[in-house]
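Student: give me the fold of what follows.
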Amino acid sequence: MPSFTFSIMPDSLNILFVDDDADRYRAFARKKRPQDRLVYVETVESALDMLRSEVFDIVFLDHDLGEGNLEGKDLVKYICAQQMPLDCIFIIHSMNSVGGMNMKNMLSDCGYTALYWSGAWKKSYGVKDSSFYFGGIQ
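Tutor: Residues are numbered from 1 along each chain as shown. This is a model prediction of the structure:
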């Protein structure tokens, strides 16, 4: 798995986590540093509200956000179409590899910094085998 680090790690990070799976969020939240702020939303509409009202350093975004809901790709399409002034890193964490890579590529093509985090949830959200931790995206 590739390694990602900030060249200068900020004292704290403001992180938006967009996912319909509360268990995944809880597993993820256990890995954050105490000084980092982690905001959890489950829908595209809630994510847009947060992105319009706050500044985030990192946005973790799932592709599939529950049956009958808008999906992460819809959020990406909107961000790109509106050319939202967002200075953050997008990390797509979907188990849907095709959808996740499409979202990453769309964001990158629109000039945003985006990564696809593949295989992130292989062990029932245990995150134990992942090389990600909140202390520097590694």
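
Student: what about the helices in the protein?
Tutor: 22-29, 44-53, 72-82, 97-109 (DSSP state H).

Student: now do the buried residues in the shortest one.
Tutor: Neighbour counts over helix 22-29 (16 or more other C-beta atoms under 10 Å) mark 24, 25, 27, 28 as buried. Every residue, glycine included, has its C-beta placed from N, CA and C.

Student: hey, least reliable of the helices of the chain by pLDDT?
Tutor: Per-segment mean pLDDT for those reaches its minimum on helix 22-29, at a mean of 88.

Student: ok, back up a step: I'd like the helices of the chain written out as CSV, with distance to residue 13 added.
Tutor: Shown next, in CSV, are the helices of the chain (distance: least, C-beta to C-beta, whole Å):
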stretch, distance to residue 13
helix 22-29, 13
helix 44-53, 15
helix 72-82, 20
helix 97-109, 19
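
Student: look up how far residue 111 lies from the residue lying farthest from the centre of the chain.
Tutor: Distance from the C-alpha centroid of the chain peaks at residue 68, with 20.7 Å (C-alpha atoms, centre = their mean). Look at residue 68 and residue 111: by C-beta to C-beta, to the nearest Å, they are 31 Å apart.

Student: residue closest to the middle of this structure?
Tutor: Closest residue to the average C-alpha location of the chain: residue 60 at 0.8 Å, with C-alpha atoms, centre = their mean.

Student: circling back to that earlier point, so which of the helices of the chain is nearest residue 36?
Tutor: Evaluated over the helices of the chain, closeness to residue 36 peaks at helix 22-29, with 9.7 Å, by C-beta to C-beta.
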